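In: need coordinates for the below:
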Amino acid sequence: MISSSSTNSSARDSLTNAHELVLFYDSECPLCVREMQHLKKKDH
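Out: Next up, the predicted model:
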């Protein structure tokens with residue numbers, strides 16, 4: 001028998017790992033490049 005807390009934990013873990021974001025940006029725009037560098041540092 002699986003307890004509800006284990007089920008909720010498993011569901012939460014799979015939702016956390018299931019989200020992926022794809023960004024397209026102008027690599028010739030200095031502001032865009034700087035922002036992407038900042039976001040890459042924050043990416044785990």
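In: do you know how far residue 41 is from residue 35?
Out: 11 Å (C-beta to C-beta, to the nearest Å). Glycine gets a C-beta too; all of them are placed from N, C-alpha and C.
In: tell me the contacts of residue 23?
Out: 36, 39 (C-beta atoms under 8 Å, 6 or more residues apart in numbering).
In: element containing it?
Out: Element membership for residue 23, per DSSP states H and E: none, as it lies in no helix or strand.
In: next, work out how far apart it and residue 29 are.
Out: 13 Å.
In: output the below-cut-off pLDDT ranges for this structure.
Out: Residue ranges of the chain with pLDDT under 70: 1-18, 44.
In: quick one, helices of it?
Out: In the chain, the helices defined using DSSP state H lie at 4-18, 30-42.
In: what's in contact with the shortest one?
Out: Contacts with helix 30-42, where a contact means C-beta under 8 Å, 6+ apart, come from 23, 25-27.
In: give me that answer again for 7 Å
Out: Applying C-beta atoms under 7 Å, 6 or more residues apart in numbering, the external contacts of helix 30-42 come out as 25-27.
In: for it, which positions count as buried?
Out: By 16 or more other C-beta atoms under 10 Å, helix 30-42 has no buried positions at all.
In: most neighbours of all the contacts of helix 30-42, which one?
Out: residue 25 (12 neighbours; other C-beta atoms under 10 Å).
In: what's the closest non-adjacent residue to it?
Out: Distances taken as C-beta to C-beta, 6 or more residues apart in numbering put residue 32 closest to residue 25, at 4.5 Å, once the chain neighbours are dropped.
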